[in-house]
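[1] no sequence for this one, just the structure:
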């Protein structure tokens, strides 16, 4: 039997090549659909949030929403000022970050620049276990362990307070911050470290003056992810911070965050279409805008500090 | 005058012995070239001088490198490699400036030594860039990023960075292998010029470069130091057959 010539296979009309072209087109379509689905979900969420929020603003003026100092949508005389919720969200996030950013960065520096392979192999999985604990467990940890512990130092601390919730969220997001920061630091090429050591720098100087600045673009992503996680955290604050909208910057008081309010209300029995019901969507939209802002800032930071090495 | 002395140096990485009983002097204010085929251990020997191997696991030194005038054995276990690197500078094969400004690159070594006075840093920055033959090209843009410079300029910046801390010994690891011929000849002129102030050890793959710039040459092969002599003698009348084969291009 004569063997087919290579030229036959390489002609553009050969069935093998036609099938290959069709396969390519199909694969491309499937991949595109997968990528597009996430975009559609996002657009769908934005559409629902905006369309449910618009009627709300027919009842409540935008100025009232932004300047009113109380948030009581469920009272007989409801007031709709977002400030107390923003304040609670802001406060828990700041407390969480004050803990998670320094600690996460230090852990990452240790793992990337100091630890030997063995120590890293043991420590990393344990650290990542922190991210695997369900948030509801963290919530009760804050309420039943951290708060009583803090009360030993501050006897007047109420059972529900922002401080314990913020600290526990901080612990929760440490693995996100440290893991991404470490990845960014380890991506810094070895020749930059050698250059630093070669002029007599210590490990600490090399880490803080060369590696961290060179990795700053990636590190800023890690921080932004941490911020987004802290802003959106729900269970811990709902359980441990008290669910009382409270315009205060005092972390030893109870307060509610945007997320805590949403759970609280959506668990109740508000009639569909009422202003109280719509307020959930407004709160959700506010949160979305908040996290979106941080993501945009993060994107800009990443671009600004992208190092060419 | 001898600046440093390698004495019976054995070096191994894990199980593999890379340097076998190497002994040689490094003369003061002279340029010593290390040549030999790939894998002969010349870069490994160079990196012993500033204890660069200590950064990686499995490095084992045996023997001595005495640094004069104080005759300290820089390979001794109780000697902190950081202290060694404070005295011995290095320039690498591939230009490796930090992703910082030109100025910050040059003064980095001074800053890690805790020097903060701005006037001093600026003065030293200018001197070092002058010495590296880069001052004229960058004096108006000291605060722009080092990444903006060409490869040859980056390498001269790395030389300036090493010179800023006034090393007693300067190690050059194939400093021109990543550069074009014009930048290479620039750097070669610079190296010859520098020996007035600093003792230099250079690893090179380029035999012409060794012949052009160095005063003494060491030929290494499979971890052994085969021959060490004045460069002019080595390239005209080598005493070992293997040296002759290598420099005439018969292997390597």
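    Here it is on my side, so go on. This is a predicted model, so every value here is computed, not measured.

[2] can you tell me which residues contact whatever residue of the stretch 101-250 of chain B ends up closest to chain A?
    Going by C-beta to the nearest C-beta, chain A is nearest to residue B:109 of the stretch 101-250 of chain B, at 3.6 Å. Bear in mind the C-beta positions are built from the backbone N, C-alpha and C, glycine included. By C-beta atoms under 8 Å, 6 or more residues apart in numbering or on different chains, the residues touching residue B:109 are A:199-201, B:161-162, B:164-165.

[3] Mark which of those residues are part of strands, please.
    Of the contacts of residue B:109, none are assigned to strands by DSSP state E.

[4] Which strand or helix spans the residue of the stretch 101-250 of chain B closest to chain A?
    helix B:102-112 (DSSP states H and E).

[5] What lies in contact with the helix or strand that that helix is followed by?
    Toward the C-terminus, helix B:102-112 is succeeded by helix B:118-131 as the next helix or strand (DSSP H and E). Helix B:118-131 is contacted from outside by B:102-103, B:106-107, B:110-111, B:115, B:135, B:138-139, B:142, B:157, B:159-161, B:163-164, B:194, B:197, using C-beta under 8 Å, 6+ apart.

[6] Restrict those to the buried ones and give me that as a PyMOL selection.
    Buried members of the contacts of helix B:118-131, defined by 16 or more other C-beta atoms under 10 Å in any protein chain shown, are picked up in PyMOL with:
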select buried, chain B and resi 102+103+106+107+110+111+135+138+142+157+159+160+161+163+164+194
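
[7] now the helices for chain B?
    Remark: helices assigned in chain B by DSSP state H are B:42-49, B:81-87, B:102-112, B:118-131, B:135-138, B:151-163, B:181-194, B:207-213, B:231-236, B:241-247.

[8] The stretch 201-309 of chain A too?
    Secondary structure of the stretch 201-309 of chain A, counting by DSSP state H, counting those that start in this stretch: helices at A:203-205, A:212-214, A:216-232, A:235-240, A:258-267, A:275-305.

[9] In JSON lines, list those helices along with distance to chain B, mean neighbour count and mean pLDDT.
    Listed next are the helices of the stretch 201-309 of chain A as JSON lines, based on distance: least, C-beta to the nearest C-beta, whole Å; neighbours: other C-beta atoms under 10 Å in any protein chain shown; pLDDT from 0 to 100:
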{"stretch": "helix A:203-205", "distance to chain B": "5", "mean neighbour count": "16", "mean pLDDT": "94"}
{"stretch": "helix A:212-214", "distance to chain B": "5", "mean neighbour count": "20", "mean pLDDT": "93"}
{"stretch": "helix A:216-232", "distance to chain B": "9", "mean neighbour count": "22", "mean pLDDT": "91"}
{"stretch": "helix A:235-240", "distance to chain B": "38", "mean neighbour count": "27", "mean pLDDT": "89"}
{"stretch": "helix A:258-267", "distance to chain B": "39", "mean neighbour count": "20", "mean pLDDT": "86"}
{"stretch": "helix A:275-305", "distance to chain B": "9", "mean neighbour count": "17", "mean pLDDT": "88"}
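
[10] Can I get those in CSV including distance to residue B:229?
    Listed next are the helices of the stretch 201-309 of chain A as CSV, based on distance: least, C-beta to C-beta, whole Å:
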stretch, distance to residue B:229
helix A:203-205, 40
helix A:212-214, 43
helix A:216-232, 50
helix A:235-240, 74
helix A:258-267, 78
helix A:275-305, 52
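
[11] Near residue B:239, how many other residues are there?
    Neighbours of residue B:239 under the rule other C-beta atoms under 10 Å in any protein chain shown: 11.

[12] quick revisit: ok, of the contacts of residue B:109, which come out buried?
    A:199-201, B:161-162, B:164-165.

[13] Residue numbers of the stretch 51-200 of chain B in contact with chain A?
    With C-beta under 8 Å from any C-beta of the partner chain as the criterion, the stretch 51-200 of chain B meets chain A at residues B:52, B:55, B:57, B:82-83, B:85-86, B:89-90, B:92, B:94, B:96-100, B:108-109, B:111-113, B:147, B:158, B:161-162, B:165.

[14] For the residues you listed, which ChimeraX command selects only the ones that are buried?
    Buried residues within those, by 16+ other C-beta under 10 Å, are selected in ChimeraX with:
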select /B:52,55,82,85,86,89,90,92,94,96,97,98,99,100,108,109,111,112,158,161,162,165
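
[15] how far does the least confident helix or strand in chain A by mean pLDDT sit from the chain's center?
    Least confident helix or strand, chain A: helix A:6-10 with a mean of 71, by mean pLDDT, DSSP states H and E. In terms of C-alpha atoms, centre = their mean, to the nearest Å, the centre of helix A:6-10 is set 54 Å apart from its chain centre.

[16] I'd like the next helix or strand past that helix.
    Heading C-terminal from helix A:6-10, the first helix or strand you meet, by DSSP H and E, is helix A:15-59.

[17] mind listing what's buried in the helix or strand following that following helix?
    Downstream of helix A:15-59, the next assigned helix or strand under DSSP H and E is helix A:62-67. Buried residues in helix A:62-67, counted by 16+ other C-beta under 10 Å: residue A:65.

[18] what packs against the least confident helix or strand of chain A?
    In terms of contacts (3 or more C-beta pairs under 8 Å, 6 or more residues apart in numbering or on different chains; DSSP states H and E), helix A:6-10 is packed against helix A:15-59.

[19] What mean pLDDT does the helix it packs on get?
    For helix A:15-59, the mean pLDDT works out to 92.

[20] what phi and what psi does the backbone show at residue A:77?
    Here is the backbone geometry of residue A:77 (degrees, to the nearest 10): phi -110, psi 80.

[21] Can you report how many residues neighbour it?
    Using other C-beta under 10 Å, residue A:77 has 5 other residues around it.

[22] any idea of the pLDDT on it?
    With respect to pLDDT, residue A:77 scores 82.

[23] Same check on residue B:136?
    For residue B:136, pLDDT reads 92.

[24] hmm, back to that, how far does the helix holding residue B:109 sit from its chain's centre?
    Distance of helix B:102-112 from the chain centroid (C-alpha atoms, centre = their mean) equals 19 Å.

[25] Now do it against helix B:151-163, angle only.
    Per axes from the mean of the first three to the mean of the last three C-alpha atoms, to 10 degrees, the angle that helix B:102-112 makes with helix B:151-163 is 20 degrees.

[26] Specify the angle between helix B:102-112 and helix B:118-131 in degrees.
    120 degrees.
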